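1. Predicted model and sequence follow; I will ask about them next.
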Amino acid sequence: MASMLIDLHNHSFPKSDDSVLDVDSLIDLYKQTGIDAVCLTEHDDFWSIEEAQSLSERHGFLVIPGTEINTDNGHVLVFGLTEYVFGMHKIEFLAEHVARAKGSMIAAHPYRRRFMKGMEQSLLGHRIEEARIDPVFRFCDAIEVLNGRGTLEENEFSKRLADITGLPMTGASDAHRPQDVGKCCTEIKRDVKSVFDLIDALKSGDVSPVSLKDC
């Protein structure tokens, strides 16, 4: 069975204004990592399928379009949408649009807003239980448990949350700078040639997180 390493979560400037990497530099860096494909997931912004295809052809490297939507329940990686619609900050509204587009969602770095360094075990358990019943996880196909910009403790929180919810786990670099590139990725247990193949894999749970640089 075919298997691929894909980094599902990355940002480029100027579509993501907190990134220092232009898209060509980002892709060139990924071509040196041994990873097979890179996803462009700008903040509340989009690359069209045609733009991603053009980048793929120019670089000889698979580029998959997605987005990272900021919701009231945290950040969500989304594959299958093509534009932002006002109201997508509400998770139920976003989920309706994703379902209509036959897309897929991943809960990104779910430790944010939930985990604090030095948290006592009793409070940690309470925060995990609070997170477990958050509606965002009813709509997501997976949880990002390895985030290249997260600490070991933060990512461990995400893993515990995934264990409790029973959702498949993914990994990603969440690259904004050159030193972020290729820290974590996701093994897709099938051949992926397009965003539609990726969506099918996510919905089937044919994914697992991979740490490449101690993330």
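-> Cool, got the structure. Here the structure is a predicted model, which is why all the values come from computation and not from measurement.

2. So in this protein, where's the weakest helix or strand by average pLDDT?
-> Scoring the helices and strands of the chain by mean pLDDT, DSSP states H and E places helix 121-132 at the bottom, with a mean of 77.

3. Please enumerate the helices of this structure.
-> Along the chain, the stretches classed as helices by DSSP state H are 23-30, 49-59, 91-100, 121-132, 136-139, 152-165, 195-204.

4. out of those, nearest to L8?
-> Closest approach to L8 among those (CB to CB): helix 195-204, 8.0 Å. From N, CA and C alone the C-beta is placed, and that goes for glycine too.

5. How far does the closest one sit from its chain's centre?
-> Its chain's C-alpha centre and that of helix 195-204 lie 13 Å apart, by CA atoms, centre = their mean, to the nearest Å.

6. can you check stretch 40-56 too?
-> Distance of stretch 40-56 from its chain centroid, counting by CA atoms, centre = their mean, is 14 Å.

7. Then stretch 14-24?
-> With CA atoms, centre = their mean as the basis, stretch 14-24 stands 17 Å off its chain's centre.

8. got a list of contacts for it?
-> If you take CB atoms under 8 Å, 6 or more residues apart in numbering as the criterion, stretch 14-24 is touched by 11-13, 26, 29, 40, 42-43, 45, 47, 55, 59, 175-178, 181.

9. likewise stretch 40-54?
-> Here stretch 40-54 makes contact (CB under 8 Å, 6+ apart) with 8-12, 15-18, 23, 26, 55, 63-70, 77-78, 81-84, 88, 194-195.

10. Next step: these restricted to strands.
-> Members of these lying in strands (criterion: DSSP state E): V63, I64, P65, G66, T67, E68, I69, N70, L77, V78.

11. Closest one of the residues you listed to A162?
-> For those, the closest approach to A162 (CB to CB) belongs to L77, at 14.4 Å.

12. The closest one touches N147, doesn't it?
-> No. Using CB atoms under 8 Å, L77 is not in contact with N147; the gap is 10.8 Å.

13. Overlap in contacts, those two.
-> Common contact partners of L77 and N147 (CB under 8 Å, 6+ apart): H9, A108, A172.

14. of the contacts of stretch 40-54, buried ones?
-> 8-12, 15-16, 23, 26, 55, 63-69, 77-78, 81, 88, 195 (16 or more other CB atoms under 10 Å).

15. Mind picking the two most distant members of the ones in strands among the contacts of stretch 40-54?
-> Greatest spacing in the ones in strands among the contacts of stretch 40-54, by CB to CB: V63 and N70 (22.7 Å).
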